[in-house]
Each structure stands twice: as structure tokens, then as C-alpha cells.
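1. Build me a model:
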Amino acid sequence: QLQFVESGGGLVQPGGSLRLSCAASELGLDYYAIGWFRQAPGAEREGVSCIGSSDGETYYADSVKGRFTISRDNAKKTVYLQMNSLKPEDTAVYYCAAATRCSGYQNEYMYWGQGTQVTVSS
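-> Below you'll find the predicted structure:
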């Protein structure tokens, strides 16, 4: 089964940028849609963005639209989340996960990473 390692999180000031990476452990990433999710303290995990497997179609939550960009490099077995114009409310643990298609239902995502912390604070 696929395993993921997220990286790229850290502490950034409001208005700053970070690029998160989701690296797969083995070949086959290109068969899956990959979603990014986040969970803030005391809140439920929410979907942030997703990129399709074959068509590469992208989806974004309204709260990040225009600020975040998802992309994938199947040759490198990696999916990225470029986050610009970060706000304090973007503070959360960010997870990537794989599904057969982009979906708003988290239970359709079969493989999950361990998460990377993003903190936006001055």
C-alpha cells in the first residue's frame, strides 16, 4: 500500500508562503487522486484541495481558492501544495491522502500521511 511523507511545514508570518510536499513511498502515485486536508486545534479535519489522477483536474476549498495551488509530479512521486498569502486561520496540521477520485468524503481516501504542522503567526 502507498505510504506518504509530508514535509515543508513550519512557522511563517502572515502574508508569507510555504510549499508542502507529499512524497509517496513507491510507484503508482499516478493512479490516485491526491487530496490535501488540514486539522486545526479543536476543529474537525477539512478538505483543502485535490488533484485528479488522469486529468489532473484541481479542486479547492473556498477558503484557499486563489491563494493555494496544488500540483503533481508523478515521475518524482510527489504532490505539492503551494500556499501563498497565508493567514493565521491557515494554521493546522496538513495531511495528504490518496483516493480513486477527488471526493468530498474523507472516508473515500484510503492512504494517509502523518501530517506536517503549519503555523502562521507574527
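2. Phi first, then psi, for the spatially most central residue of the chain.
-> For the chain, the residue nearest the mean C-alpha position is residue 36 (2.5 Å; Cα atoms, centre = their mean). Main-chain dihedrals, residue 36, degrees, to the nearest 10: phi -110, psi 140.
3. correct me, but it touches residue 81?
-> Yes. Contact criterion Cβ atoms under 8 Å: residue 36 and residue 81 qualify, at 4.9 Å. No exception for glycine: its C-beta is placed from N, CA and C like everyone else's.
4. overlap in contacts of those two?
-> 20, 22, 48, 49, 70, 94, 96 (Cβ atoms under 8 Å, 6 or more residues apart in numbering).
5. Over to the closest residue to residue 119 other than its chain neighbours. Which of the three states is it?
-> Take residue 119 and drop its neighbours on the chain: the residue closest to it by Cβ to Cβ, 6 or more residues apart in numbering is residue 11, 4.7 Å away. Following DSSP: H, G, I helix; E, B strand; the rest coil, we place residue 11 in the strand state.
6. burial count for residue 11?
-> By other Cβ atoms under 10 Å, 12 other residues sit near residue 11.
7. got it, and residue 51?
-> Neighbour number of residue 51 under other Cβ under 10 Å is 22.
8. Would you check how far apart it and residue 109 are?
-> To residue 109, residue 51 is 13 Å away according to Cβ to Cβ, to the nearest Å.
9. shared neighbours of these two, which are they?
-> By Cβ under 8 Å, 6+ apart, the residues touching both residue 51 and residue 109 are residue 35.
10. Give me the below-cutoff pLDDT ranges for this structure.
-> Of all residues in the chain, none has pLDDT under 70.
11. quick one on the thing from earlier: with respect to residue 119, which of the shared contacts of residue 36 and residue 81 is nearest?
-> residue 94 (10.9 Å; Cβ to Cβ).
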